[in-house]
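# Predicted structure and sequence below. I'll ask about it afterward.
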Amino acid sequence: MGFSAALQSKYATTHENRFWNKLVLELKSHYESKSEDFLIAGNFIIDGKQIDAIVIKQDAIIVIDFKDYGGSLEISENGSWLVSGVVINSGRKNPYSQLADNKYGILNTLSRRLPSGYENWINLGHINALVLFHQDVVYDNDSLKNDLSPSAAKWFNISDLKH
C-alpha cells in the first residue's frame, strides 16, 4: 500500500487547505519509499467531532488538530493555552480538551464498529493525539510531563511542521 492520503472535503479556510497540501507533500516524500503502510485522512466528522486529520500506521493511530499560530507556547491541561501571549481557541476548549474529545469520539466509533473480540488484536486505548501548528512554535516536549497529567502526557504530543 505505501503512502495514501484522502481528504473528505476541502477545509473551510484557505490556510487549512494550504497546510493540508504541504503536510501531505512532506509525509509523501518521507513515506512513499518505505515499506511501511501510511494513511492520512483529513477533514471529516466522526461521532459528532470535527477531525482535522487522522494518521493510521501499523503501530499507531494519531488524531491531529491543526492550529495556525506561531511563537512561544504555554500549555495547561485544563486552562487556556497561550502562544506569544495570545489565547488559542479563545472562548472555546483548549487544544488538549479538544483533542481528548476527538480521541474518545474515534475510540467510541471504532469500538462500536469493529467485530467482537477486537480487543484481542488491537488496543484502541493507545490512540495518540497531536496538535500540529502551521507556524513554528517554541515548546519543549519534555515539559509535557509537567504541564499535563502523567496519563495524558503518554498519548498527547505537540509539534509544528518543521519539527
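Okay, I see it.
# List the residues that contact the most centrally placed residue in the chain.
Centroid-nearest residue in the chain: Ile64, 1.5 Å away (criterion: C-alpha atoms, centre = their mean). Neighbouring residues of Ile64 by C-beta atoms under 8 Å, 6 or more residues apart in numbering: 52-55, 129-132. Every residue, glycine included, has its C-beta placed from N, CA and C.
# Of those, just say which sits nearest to Asn21.
Nearest to Asn21 among the contacts of Ile64, counting by C-beta to C-beta, is Ala53 at 12.2 Å.
# List the strands paired with the helix or strand the closest one falls within, with their directions.
Using DSSP states H and E, Ala53 sits in strand 49-57. Using DSSP bridges, the strands paired with strand 49-57 in its sheet are strand 38-46 (antiparallel), strand 60-67 (antiparallel).
# picking that back up, quick one, which of the contacts of Ile64 are buried?
52-55, 129-132 (16 or more other C-beta atoms under 10 Å).
# List the buried residues in the helix or strand hosting Ile106.
Secondary-structure assignment from DSSP H and E places Ile106 in helix 95-113. Neighbour-count burial for helix 95-113, counted by 16+ other C-beta under 10 Å, picks out 95-96, 98-103, 105-107, 110.
# Dump that helix to CSV, restricted to CA.
The C-alpha trace of helix 95-113 is given here as CSV (Å, rounded to 0.1, in the frame of the first residue of the first chain):
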residue,chain,number,x,y,z
PRO,A,95,-6.4,22.1,22.2
TYR,A,96,-5.8,19.4,24.8
SER,A,97,-9.5,19.2,25.7
GLN,A,98,-10.5,19.4,22.0
LEU,A,99,-8.2,16.5,21.1
ALA,A,100,-9.2,14.4,24.1
ASP,A,101,-12.8,14.7,22.8
ASN,A,102,-11.7,13.8,19.3
LYS,A,103,-9.7,10.8,20.5
TYR,A,104,-12.6,9.4,22.5
GLY,A,105,-15.0,10.0,19.7
ILE,A,106,-12.8,7.9,17.4
LEU,A,107,-12.3,5.3,20.1
ASN,A,108,-16.1,5.0,20.7
THR,A,109,-16.9,4.8,17.0
LEU,A,110,-14.2,2.1,16.3
SER,A,111,-15.2,0.1,19.4
ARG,A,112,-18.9,0.1,18.1
ARG,A,113,-17.9,-0.9,14.6
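# just checking, next helix/strand downstream of it?
strand 128-133.
# how much does the strand holding Ala53 deviate in direction from strand 128-133?
Interaxial angle, strand 49-57 versus strand 128-133 (axes from the mean of the first three to the mean of the last three C-alpha atoms, to 10 degrees): 110 degrees.
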